[in-house]
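Engineer: Could you work out the structure for the sequence below:
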Amino acid sequence: MKFGFTTLFTDKIEETTAFYRDVLGFELYQELSPAPGIKIAFLKNGGSRLEILQNDHSPVVDNSKSSIQLTFLVDNIDNAYAEMKEAGVQSVSELMILPSGLQMFNSRDPNGVALGFVKE
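Structural biologist: As a prediction, the model looks like this:
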């Protein structure tokens, strides 16, 4: 068995897709609408894949209360931090250096999904 992809449920697929594509550097490789009121976008970044799904017939999960965080490994934490700020992302924490020396910051996507950024 191998892990396939992560699915994010949203009611704003265009904004969410643009965030992952334009701010986080994912590549949009497929969009489809398998039924009326359902839109799906598939994105990839290296070996990671992300499905963004909007179903107008179901209530949206409140992602800001989720216990899930998507964590991204970055080569240059200072550049990643600056890029998030320059992109106008509102919910960016301060850059932190933990006692172990780990450098990181946190943010949220347009749906409230928690994001972590860690220097690799």
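Engineer: Would you state the strands of the chain in chain order?
Structural biologist: According to DSSP state E, the chain carries its strands in the segments 6-9, 27-35, 38-45, 48-55, 69-74, 96-97, 103-108, 114-119.
Engineer: any idea how far R108 is from K119?
Structural biologist: K119 sits 20 Å away from R108, going by CB to CB, to the nearest Å. Using the backbone N, CA and C atoms, a C-beta is placed for each residue, glycine as well.
Engineer: Check E83 too.
Structural biologist: For E83 relative to R108 (CB to CB), the value is 16 Å.
Engineer: With S48 instead?
Structural biologist: 18 Å.
Engineer: the more surrounded of these two?
Structural biologist: In this view S48 and R108 are compared by other CB atoms under 10 Å, and R108 has more residues nearby, 17 against 13.
Engineer: tell me the contacts of the more buried one?
Structural biologist: For R108, the contact set (CB atoms under 8 Å, 6 or more residues apart in numbering) comprises 64, 91, 114-115.
Engineer: swap the cut-off to 6 Å and go again
Structural biologist: S91 (CB atoms under 6 Å, 6 or more residues apart in numbering).
Engineer: Could you identify the longest helix within the chain?
Structural biologist: helix 77-86 (DSSP state H).
Engineer: quick one: contacts of that one?
Structural biologist: 74, 92, 95, 103, 105, 107, 117, 119.
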